[in-house]
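Student: kindly generate the corresponding structure for this input.
(chains A and B)
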Amino acid sequence: MKVRLIPFAVFALLVVLFGVGIVWNEHHDPNYVPSPLIGKAAPAFDLPKLDDPAQRVRKADLLGKAYLINVFASWCFACGDEHPVLMEYANKFGVPLIGYDYKDKPVDAKAWLARHGNPYSQVITDESGATAIDFGVYGAPETFLVDARGVIRYKHIGPLTAEVIAQELEPAIRAAQGAMR
Amino acid sequence: MKHALLLLAFALALIVSVAAFAIDPLPFKDDAQRQRFQHLTSQLRCMVCQNESLDASNADLAKDLRHQIFEMMQQGKSDAQIKQYLVARYSDFVLYDPPLKASTVALWFAPPALVIVGGIVVFVLLRKRAKPAAQIATNEMGDDW
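Tutor: Reported below is the predicted structural model:
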């Protein structure tokens, strides 16, 4: 009598398991990799500016104020999707948005920004991608929030959307700024 | 015929593997170092195309990381140090063989646990069935699946 119910119970269990799997995958990107850098000091960098390669930007120059680093490239398709969002939000973040031109020719990046608009307070270039390895960059666009002490507080991989900004990035920015006061 | 086909397949495989080296030649000191490099990079995941190893991937980042690993090997870094370097940047996800720690306990022990639980269930069921064998004929419910 009870034994008879076992196959049904196993079936029901499997249905629940698969259901959970489906719902889970709808809300979680299976390719998402949590960055081990969150909560750690951002790697030191020393990179030329896009508009004037003679000038360099170092991590030490940016200490004292929280900022965002947005990794982009003219060849990066998803960056084109993200770009209008950055244009809209760049002035609303309350912290500078620094462009990080990743494995890209400066000429191409300049043309790309001229065509689509430039949401960045300044743009630094990493043509070889060597510094990006220290940041654990593996797919543009990626966005890092660095606090005034130079610690990475948040990272988003993939295009920023209004939803991600409202739910994750803005609270992270507020937290990073709040901790400093 | 069969032999000829096998030979052809083998020859093709050789050509392909030679081509793979030609894409990204690295000046290894000797064959042992080349083998160590290939062994190490085949254990590491390419973060761009996540189902490929660093050894096999043609992604730009994989190429950069192969060069980085090669450089570190020239500097006398051990395999463990190189893995640590990558894990610090890309998390445990770069390792095809995940380390045993709190967050991976389920990954390591769930499969054997399921096999054991399943084995116990099967064992209990079989015993239940074996015991009342005499009664089965008179069981009005007909539980003889």
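Student: quick one: secondary structure of the residue positioned nearest the centre of chain A?
Tutor: Geometric centre of chain A, nearest residue: residue A:143, 2.2 Å, by C-alpha atoms, centre = their mean. On the three-state scheme (DSSP: H, G, I helix; E, B strand; the rest coil), residue A:143 is labelled strand.
Student: contacting residues for it?
Tutor: By C-beta atoms under 8 Å, 6 or more residues apart in numbering or on different chains, the contact set of residue A:143 is A:68-71, A:155-156, A:160, A:169. All C-beta spots, glycine's among them, are computed from the backbone N, C-alpha and C.
Student: distance-wise, check it relative to residue A:161.
Tutor: Using C-beta to C-beta, to the nearest Å, one gets 11 Å for the distance from residue A:143 to residue A:161.
Student: over to residue B:117?
Tutor: From residue B:117 to residue A:161 the distance is 42 Å (C-beta to C-beta).
Student: swap in residue B:108?
Tutor: Distance of residue B:108 to residue A:161, computed by C-beta to C-beta: 36 Å.
Student: and residue A:174, by the same measure?
Tutor: Distance, residue A:174 to residue A:161, using C-beta to C-beta: 19 Å.
Student: show me which of those two is the more surrounded one.
Tutor: Set residue A:174 next to residue A:161 and count neighbours by other C-beta atoms under 10 Å in any protein chain shown: residue A:161 wins out with 14 against 11.
Student: quick one on the thing from earlier: in the contacts of residue A:143, find the pair that's most separated.
Tutor: Farthest-apart pair in the contacts of residue A:143 is A:71 and A:169; separation 14.5 Å (C-beta to C-beta).
Student: higher neighbour count, these two?
Tutor: residue A:71 (25 against 19).
Student: does the helix or strand that contains residue B:62 reach chain A?
Tutor: Per DSSP states H and E: residue B:62 is located in helix B:60-74. Yes: residues of helix B:60-74 contacting chain A under C-beta under 8 Å from any C-beta of the partner chain: B:60-61, B:64-65, B:68.
Student: thanks again, I'm all set now.
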